[in-house]
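>>> requesting a structural model of the entry that follows:
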Amino acid sequence: ILNAPIVCLITEGRLTNENFESGSKNLLATIKSTFEAGLTYIQIREKRLSAKNVFHLTSEAVSIARDSPTKILVNDRADIAAAARADGVQLTEASLSISVIRSAFPDLIVGVSTHSVSSVENVAKSGAAFALFGPVFPTHGKENAQGIDELSKACAVAPGFPVLAIGGIDETNYRRVLAAGCAGFAAIRWLNDETHLRFFRENGS
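Next comes the predicted model:
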C-alpha cells in the first residue's frame, strides 16, 4: 500500500485545435479515471491548444471533478485556471513570478517546475504550494537526468516543503524517489494509462 504520497498526472500534450473534439473526449475519460484512482493533482498541459480550448477542456474537467478530492491545475495560465474555476496553476521557471500570480489570483494553488536545487530553495521561500523537480531519470525527450542524489538534495534544502519528483517515474522506480525524501511524484507516460491507474485504485494513493 502506498503511504499517501502526492501523485500528479500531467496530460500528454497531444491535443490540437484540429483534433480537439474527438481527442478531448478521450482525455476527459482518462481524467475521470484519475479521479476514481484518487490521485492528488491533474495538470492540464496542452500547449498546442488555443486559450479558448484550454478553457473548455479545463471547465469540463472541473465539472467532472466536482465531487472528487483531486485538484485541477492548468499549465502556466493562471487566468484560464481562475476563469474555469480550477484549483490552481503550474508555473515554469520562465513564467510570471509567484508573487504576481498570488497578487492577482490569491485563491489558486501554485506549483512550480524546477530543475536545480537552488531553484527549489527559492520556490519554497516564495510561497508556492509545492515544486516539481527533475527530470530525475532519463526520458524520451530529456536525457540529462538529475538523478536520485540531486533529488535528495532538493528534498533536503527546504525541510517541510513538498518536492515532487518528475521524469521517467514509473512502477519500477517510484519507491526510490519516495525513499529519497520527496513528498510524491508526477508522471506523464506512466499515469496516462488505464492499466497503471488501476494500480492506484487498488492500492490507494
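>>> which residue ranges of this structure form helices?
With DSSP state H as the criterion, the chain has helices at 20-37, 51-64, 78-83, 98-104, 117-125, 147-156, 174-179, 194-203.
>>> residues contacting residue 68?
residue 35 (CB atoms under 8 Å, 6 or more residues apart in numbering). For the C-beta atoms, the positions are set from N, CA and C on the backbone; glycine is no exception.
>>> any idea how many residues pack against residue 13?
Residues lying near residue 13 (other CB atoms under 10 Å) number 14.
>>> now do the contacts for it.
Going by CB under 8 Å, 6+ apart, residue 13 touches 45-48, 188.
>>> and those, which is closest to residue 32?
Of all the contacts of residue 13, residue 46 has the smallest distance to residue 32: 16.7 Å, by CB to CB.
>>> picking up where we left off before, nearest to residue 138, of the helices of the chain?
Smallest distance to residue 138 across the helices of the chain (CB to CB): 9.8 Å, for helix 147-156.
>>> can you list the buried residues in that closest one?
Within helix 147-156, the residues scored as buried using 16 or more other CB atoms under 10 Å are 148, 150-155.
>>> and stretch 77-85, by the same measure?
Going by neighbour count (16+ other CB under 10 Å), the buried part of stretch 77-85 is 77-78, 80-82, 84.
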